[in-house]
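Colleague: I would like the atomic coordinates for the input below:
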Amino acid sequence: MNIQEGDSILELGAGTGEMWAVNNEFLPAEVSVLVSDISEKFLNESQNKICYHNNVYQFKIVDMHNIPYPAASFDKVLPCFITAII
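Modeller: Residues are numbered from 1 along each chain as shown. Predicted coordinates for the structure are as follows:
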């Protein structure tokens, strides 16, 4: 993913936040990341793992079937550790 300085990113299905814990150092300046998951347990673990990285990250419980933001609210959307059961 080509993340640019100033991008706003929504991660759906963040799980335990491992992706950002490992890749935080590669983010350009002025990026904001909304880390989300439907599981409060995973989101808390994610927050504990990556919250020390300045004010880059925000955390929110989000159901990917009902994203509470208007279209085009984010520059990038990352559907990470998600499984849809139909």
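Colleague: give me the number of residues near G15?
Modeller: 17 (other Cβ atoms under 10 Å). In this view, the C-beta of every residue, glycine as well, is placed from N, C-alpha and C.
Colleague: okay, and the residue nearest to it when sequence neighbours are not counted sits in which element?
Modeller: Nearest non-adjacent residue to G15, counting by Cβ to Cβ, 6 or more residues apart in numbering: F81, 4.1 Å away. Counting by DSSP states H and E, no helix or strand carries F81.
Colleague: ranges for the helices of this structure?
Modeller: 18-23, 40-50 (DSSP state H).
Colleague: the shortest one packs against which elements?
Modeller: Same thing as helix 18-23. The contact analysis (3 or more Cβ pairs under 8 Å, 6 or more residues apart in numbering; DSSP states H and E) places helix 18-23 against helix 40-50.
Colleague: where among the helices of the chain is the average confidence lowest?
Modeller: Note on the helices of the chain: helix 18-23 shows the lowest mean pLDDT, a mean of 87.
Colleague: quick check: the residue nearest to G15 touching G17?
Modeller: No. Taking contacts as Cβ atoms under 8 Å, F81 lies outside contact range of G17: 10.1 Å.
Colleague: looking at these two, which one has more neighbours?
Modeller: Set F81 next to G17 and count neighbours by other Cβ under 10 Å: G17 wins out with 25 against 15.
Colleague: skipping adjacent residues, who's closest to the more buried one in space?
Modeller: Nearest to G17 is S46, by Cβ to Cβ, 6+ apart, at 3.0 Å.
Colleague: got the contact list for that neighbour?
Modeller: 14-17, 20, 35, 37, 59 (Cβ atoms under 8 Å, 6 or more residues apart in numbering).
Colleague: what about the most centrally placed residue in the chain, distance to Y69?
Modeller: By Cα atoms, centre = their mean, the chain has its centre lying nearest to V35, at 2.6 Å. Using Cβ to Cβ, to the nearest Å, V35 is found at 14 Å from Y69.
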